[in-house]
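J.: turn this into a structure:
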Amino acid sequence: KGSGYIAMPDAMVPALDSLEAMSFTATSRESDRFESGEASMEVSKARIVLSLGEADSVRTIQATVLALQEGVWKPVPEAEVRLFVKRLFSDLPVGDETYTSDAEGKVTAEYNITLPGDPEGSIIVGAKLEDNDTYGTVIAAQAIAWGTPKAIDNSFEKRTLWATRDKTPVWLLIFPNVIIATVWGFIFYLFYLIRKIRKMG
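T.: Below is the predicted model of the structure:
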């Protein structure tokens with residue numbers, strides 16, 4: 001598909017952490033089919049501070065977008081933030097599709113979704129600044145017991161119809177074998193009668 005990626009080595013982490021902004025450049029060599037190309041982008045360092053609270057049975061999610069400027073974390077206004085609950089295959093949006101941060105870099109939304117969680121009712125709630133031209137993609141997530149507790153189903157390890165063959169229910173082993181034995185018993189009995197009739201002439 002023409003895309004490529006590179007993983008940052010661990011040795012570069014201290015250097016990247018010390019920078020307020022990072023500049024990335026990608027180049028492609030000239031080939032028989034394509035000319036050489038080059039593109040650059042600069043990504044400033046940002047983070048999201050997530051705050052989850054509940055008062056008078058009203059659950060709220062507050063996300064604050066901050067950018068590192070001159071060694072100080074400052075709020076980022078007019079940033080498009082998505083609030084979500086992490087599910088198995090994708091993120092489930094909370095409220096509106098996107099929220100725009102105010103002058104203090106904050107977005108706030110009520111959480112009024114009923115979702116199953118783990119056995120303790122924990123779910124993962126998060127905020128995401130996605131594909132931003134200046135800051136790239138920034139994600140913050142936090143586990144909180146806002147879900148409905150759901151017991152883990154261990155029936156696959158027991159004798160059930162949907163378990164593996166070695167865990168077939170006992171009744172399913174007995175009844176088919178009884179039926180098979182009965183059918184073969186009648187067949188052998190018929191052969192016995194036929195043999196007895198032939199002996200009688």
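J.: which helix runs longest in this structure?
T.: As assigned by DSSP state H, the longest helix anywhere in the chain is helix 170-199.
J.: and for residue 114, the neighbour number?
T.: The local packing of residue 114 (other C-beta atoms under 10 Å) involves 7 other residues. Quick note: C-beta positions are derived from backbone N, CA and C, even for glycine.
J.: wait, residue 195
T.: Counted with other C-beta under 10 Å, the burial measure for residue 195 works out to 10 neighbours.
J.: and the gap between it and residue 58?
T.: Using C-beta to C-beta, to the nearest Å, residue 195 is found at 86 Å from residue 58.
J.: ditto for residue 173
T.: Computed as C-beta to C-beta, the residue 173 to residue 58 distance reads 55 Å.
J.: just residue 149 next, same as before
T.: The gap separating residue 149 from residue 58 is 21 Å, by C-beta to C-beta.
J.: the longest strand along the chain pairs with which strands, and in what direction?
T.: Longest among the strand segments of the chain by residue count, using DSSP state E, is strand 58-69. Each strand that strand 58-69 pairs with, and the sense of that pairing, follows from DSSP bridges: strand 46-55 (antiparallel), strand 72-75 (antiparallel), strand 106-111 (antiparallel).
J.: list the buried residues in it.
T.: Within strand 58-69, the residues that qualify as buried are 59, 61, 63-68, counting by 16 or more other C-beta atoms under 10 Å.
J.: quick one: those residues as CSV, columns for distance to residue 122 and pLDDT too.
T.: Listed next are these as CSV, based on distance: C-beta to C-beta, whole Å; pLDDT from 0 to 100:
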residue, distance to residue 122, pLDDT
59, 14, 94
61, 15, 96
63, 19, 96
64, 23, 97
65, 25, 96
66, 26, 96
67, 30, 94
68, 31, 90
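J.: closest one of these to residue 178?
T.: The shortest separation between residue 178 and any of these is 57.1 Å, and it belongs to residue 59 (by C-beta to C-beta).
J.: the nearest residue to that closest one once chain neighbours are set aside: what's it in contact with?
T.: For residue 59, ignoring the flanking residues on the chain, the nearest one in space by C-beta to C-beta, 6 or more residues apart in numbering is residue 111 at 4.1 Å. Residue 111 makes contact with 52, 59-61, 94, 125, 146, according to C-beta atoms under 8 Å, 6 or more residues apart in numbering.
J.: let's see 10 Å
T.: By C-beta atoms under 10 Å, 6 or more residues apart in numbering, the contact list for residue 111 reads 52-54, 58-61, 83, 85, 94-95, 123, 125, 144, 146.
J.: just the buried subset of those, written out for PyMOL, thanks.
T.: In PyMOL, this line selects whichever of the contacts of residue 111 come out buried by 16+ other C-beta under 10 Å:
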select buried, resi 59+61+83+85+94+95+123+125+144+146
